[in-house]
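Novice: Make a model of this:
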Amino acid sequence: MSDATPKGFVQMPDKVTTAQTTKKGIINNNSTDPNKILPLTYPWARQHYKNGVANNWVPEEISMQQDVELWKKTGPGALSEDERRMVLWNLGFFSTAESLTANNIVMAIYRHVTNPEARQYLLRQAYEEAVHTDTFIYCCDSLGLDPDEVYNMYLTIPSIREKDEFVVNLTKSVFDLSFTTEGTKNIQLFVHDLVGYYVIMEGIFFYAGFAMMLSMMRKNRMVGVAEQFQYILRDESVHLAFGSDLINTIVEENPEIWTQDFQDELVQMIKEGVVLEEKYADDALPRGILGLNAEVVKQYVRFIADRRLERINLPKQYNVENPFPWMSEIMDLSKEKNFFETRVTEYQTGSLDWE
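Specialist: Sure, this is the predicted structure:
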């Protein structure tokens, strides 16, 4: 677990274990049986569900008034063009990326992950993706942005389009209605797509944006949008933890799929994802702002990629240090502001890996 783990959170075991019950494995069960969730086969899936519930929030809880005033401001103290670009680039990428992740859960992953407690978590995650989509509607409405501009950036901005297309291509197997997870080759295809979705999309492609937007919070600029991203990051950390445990469990139950060639294929895929995220960092930060530049963001992406590789038992590729030690503090949501009463209350806690 990262040293950024907030106090009070329960350590989840690094190694995935399964309870010995009469239920079958995490895939290839009857997909339409009643939800026989007890006795639990995978307590970690139930814990991730409880952590998701503990993280519950909606975008309207976060005041956007200061952001609206700053976005409209001109002259001294106004946002620079590069700051505006960075905000727009991240709103543009995340606004469509969240719908891609929701589609993967609802239309593909849920169909093939047939264990009931894992399905319960996927339903929770699908709800959270809907909240995230609503967040970007709320941000656009609050700032008076042109929705056509923001929501079409995946078509008009090459670095955003390339990331979206990469993930769509990586996860196309599970969208084939004739696809099943029966047999070694098909299980490999499923794990391949899960790595594309959970490890690359949610675990790497989101994190340059998180670093950029949370850097705004450090400067007390666009704090409402930044806080929305902070809450999304909290959710995504649980998504990533669940996805990693899911991948590791499938491999544990089907060890024949974990060949050296397959491992090499996954490593190469993740490295290609890093290259695309680095191009996005160059595009969103062409000159550098707020003590932030593309090179340091790219180092952070490599650091994060190594964490993702290790989490699914693959070797690190970059061996770089975390260039953003401040992320440890800024990602700690141990407190929740009550924006209507201007006081601070304790936030519920659960278990997750922040980076």
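Novice: contacts, neighbours, all on C-alpha from now
Specialist: OK.
Novice: count of neighbours near Gln260?
Specialist: 9 (other C-alpha atoms under 10 Å).
Novice: Ramachandran coordinates for it?
Specialist: Here is the backbone geometry of Gln260 (degrees, to the nearest 10): phi -60, psi -40.
Novice: Please report how far it lies from Thr249.
Specialist: The gap separating Gln260 from Thr249 is 18 Å, by C-alpha to C-alpha, to the nearest Å.
Novice: For the helix or strand hosting Asn104, which helices and strands make contact with it?
Specialist: Using DSSP states H and E, Asn104 maps to helix 81-104. Helices and strands touching helix 81-104, by 3 or more C-alpha pairs under 8 Å, 6 or more residues apart in numbering; DSSP states H and E, are helix 116-143, helix 147-151, helix 153-156, helix 158-170, helix 207-218, helix 260-284.
Novice: Distance from the chain centre to the third one, please.
Specialist: It stands for helix 153-156. Centroid separation between helix 153-156 and its chain, computed with C-alpha atoms, centre = their mean, to the nearest Å, is 20 Å.
Novice: ok, residues contacting that helix?
Specialist: Helix 153-156 has contacts (C-alpha atoms under 8 Å, 6 or more residues apart in numbering) with 89, 92-93, 96, 160-161, 164.
Novice: Could you give the average pLDDT over the helix or strand just after the helix holding Asn104?
Specialist: The element immediately downstream of helix 81-104 (helix or strand, assigned by DSSP H and E) is helix 110-112. The average of the pLDDT scores along helix 110-112 is 92.
Novice: Contacts for helix 110-112 next, please.
Specialist: 27-28, 31, 119, 122, 180-181.
Novice: rewinding a little: the helices and strands packed on helix 81-104 into TSV, with extra columns for mean pLDDT and distance to Arg46?
Specialist: Output for the helices and strands packed on helix 81-104, formatted as TSV (pLDDT from 0 to 100; distance: least, C-alpha to C-alpha, whole Å):
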stretch	mean pLDDT	distance to Arg46
helix 116-143	95	6
helix 147-151	91	35
helix 153-156	91	35
helix 158-170	90	27
helix 207-218	92	26
helix 260-284	97	27
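Novice: ok, back up a step: now tabulate the contacts of helix 153-156 in CSV and tack on distance to Leu79 and neighbour count.
Specialist: Listed next are these as CSV, based on distance: C-alpha to C-alpha, whole Å; neighbours: other C-alpha atoms under 10 Å:
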residue, distance to Leu79, neighbour count
Trp89, 15, 24
Gly92, 18, 23
Phe93, 20, 25
Thr96, 25, 19
Ile160, 23, 27
Arg161, 26, 16
Asp164, 28, 20
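Novice: Looking at these, spot the one nearest Pro325.
Specialist: Closest approach to Pro325 among those (C-alpha to C-alpha): Trp89, at 23.9 Å.
Novice: ok, Val296 - contacts?
Specialist: Pro323.
Novice: That one belongs to a helix?
Specialist: Yes - applying DSSP: H, G, I helix; E, B strand; the rest coil, one finds Val296 inside a helix.
Novice: And it, how far from Asp245?
Specialist: Distance of Val296 to Asp245, computed by C-alpha to C-alpha: 29 Å.
Novice: just to revisit the earlier point, show me the two of the contacts of helix 110-112 that sit farthest apart.
Specialist: Leu122 and Thr180 (18.7 Å).
Novice: of those two, who's got more company?
Specialist: Leu122 (24 against 17).
Novice: picking that back up, dump the C-alpha coordinates for the helix holding Asn104 into CSV.
Specialist: Extracted C-alpha coordinates of helix 81-104, given in CSV (Å, rounded to 0.1, in the frame of the first residue of the first chain):
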residue,chain,number,x,y,z
GLU,A,81,-4.4,30.5,-21.5
ASP,A,82,-2.3,27.5,-20.6
GLU,A,83,-4.3,27.0,-17.4
ARG,A,84,-7.5,27.1,-19.3
ARG,A,85,-6.1,24.7,-21.8
MET,A,86,-5.1,22.2,-19.1
VAL,A,87,-8.6,22.4,-17.5
LEU,A,88,-10.4,22.0,-20.8
TRP,A,89,-8.2,19.1,-22.0
ASN,A,90,-8.9,17.2,-18.8
LEU,A,91,-12.6,17.9,-18.9
GLY,A,92,-12.6,16.8,-22.5
PHE,A,93,-10.9,13.5,-21.9
PHE,A,94,-12.7,12.5,-18.7
SER,A,95,-16.1,13.4,-19.9
THR,A,96,-16.0,10.7,-22.6
ALA,A,97,-13.7,8.3,-20.8
GLU,A,98,-16.2,7.8,-18.0
SER,A,99,-18.8,6.7,-20.6
LEU,A,100,-16.3,4.2,-22.0
THR,A,101,-15.7,2.7,-18.6
ALA,A,102,-19.5,2.5,-17.9
ASN,A,103,-20.0,0.7,-21.2
ASN,A,104,-17.3,-1.9,-20.3
